[in-house]
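Q: What would the 3D arrangement of this be:
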Amino acid sequence: MDRENLEDHCWTEEEDDTRYYERQVYIPDTGDLCLQVLKSNHDHVLAGHPEQSKTYQLVHREFNWPNLREFVVNYVRSCTICGRNKACHHKPYRLLKQLPIPPRPWEFISMDFIEQLPPSEGHTDILVVVDRLTKQAIFIPTVRSIDAVLLAELFIKHVFSKHKVPNYVTSD
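A: Residues are numbered from 1 along each chain as shown. Below you'll find the model as predicted:
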């Protein structure tokens with residue numbers, strides 16, 4: 001760019017070839033200079049890991065480069081220290097209730113799926129049914145596209161026919 005063209009579009013250039021865009025040092029999108037500037041304004045001990053908008057303001061006071069806001073947002077979002085120290089904005093969790101102790105085997109069961117396994121004889125998932133008292137488990141091969149009718153058939157065949165109808169079923 002020539003000097004006349006720079007001045008017409010909010011650009012200025014110093015004698016040491018430092019370019020300014022709207023009075024901010026312009027950093028080309030090459031190398032890791034942008035990352036170094038961001039680290040010095042976000043990770044530095046005196047900066048204190050400010051949130052996204054504050055980090056953007058700190059950097060934008062003196063510097064400018066293409067996609068600056070997006071770069072800052074992605075960097076702060078990936079900062080592990082910020083993630084660990086982020087304040088919770090939800091109601092506190094309630095205490096967990098303990099599940100009742102089953103009086104007899106196979107009266108209280110839990111079930112869950114193990115999904116996306118390598119195919120074996122046409123099956124890709126496993127339905128796991130566990131007796132909560134004895135911890136005995138039944139592993140039932142199934143497919144990913146299981147529906148309620150097929151699930152009921154598998155329960156009748158593998159659980160109900162051998163252990164009667166349970167009183168409680170726990171599942172997510």
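Q: Show me where the chain has its strands.
A: If DSSP state E is used as the criterion, the strands of the chain fall at 11-13, 19-21, 24-26, 63-64, 108-114, 125-131, 137-142, 168-171.
Q: how far away is residue 26 from residue 19?
A: Distance of residue 26 to residue 19, computed by C-beta to C-beta, to the nearest Å: 4 Å. Any C-beta I mention is one placed from the backbone N, CA and C, and that applies to glycine too.
Q: Then residue 105?
A: Separation of residue 105 from residue 19 (C-beta to C-beta): 77 Å.
Q: what distance separates the start and the end of stretch 160-171?
A: The stretch stretch 160-171 measures 17 Å between its terminal residues, going by C-alpha to C-alpha, to the nearest Å.
Q: can you check stretch 19-28 too?
A: Counting by C-alpha to C-alpha, the length from the leading to the trailing residue of stretch 19-28 is 10 Å.
Q: And stretch 154-168, by the same measure?
A: Between the start and the finish of stretch 154-168 there is a gap of 17 Å, counting by C-alpha to C-alpha.
Q: Please identify the buried residues of that stretch?
A: Buried residues in stretch 154-168, counting neighbours by 16 or more other C-beta atoms under 10 Å, are found at 154, 155, 159, 163, 166.
Q: quick one: pLDDT of the nearest residue to the first one once chain neighbours are set aside?
A: Nearest in space to residue 154, with sequence neighbours left out and distances taken as C-beta to C-beta, 6 or more residues apart in numbering, is residue 140 at 5.4 Å. Looking at residue 140, its pLDDT stands at 96.
Q: Next: residue 73.
A: 89.
Q: That one contacts residue 53, correct?
A: No - contact criterion C-beta atoms under 8 Å: residue 73 and residue 53 do not qualify, at 9.2 Å.
Q: Looking at the two, which has the bigger crowd around it?
A: Taking other C-beta atoms under 10 Å, residue 73 and residue 53 do not tie; residue 73 has more neighbours (15 against 12).
Q: Quick check: which ranges of this structure have low pLDDT?
A: Counting by pLDDT under 70, the chain contains low-confidence residues at 1-9, 11, 13-18, 20-23, 30-31.
Q: Good, we can wrap up now.
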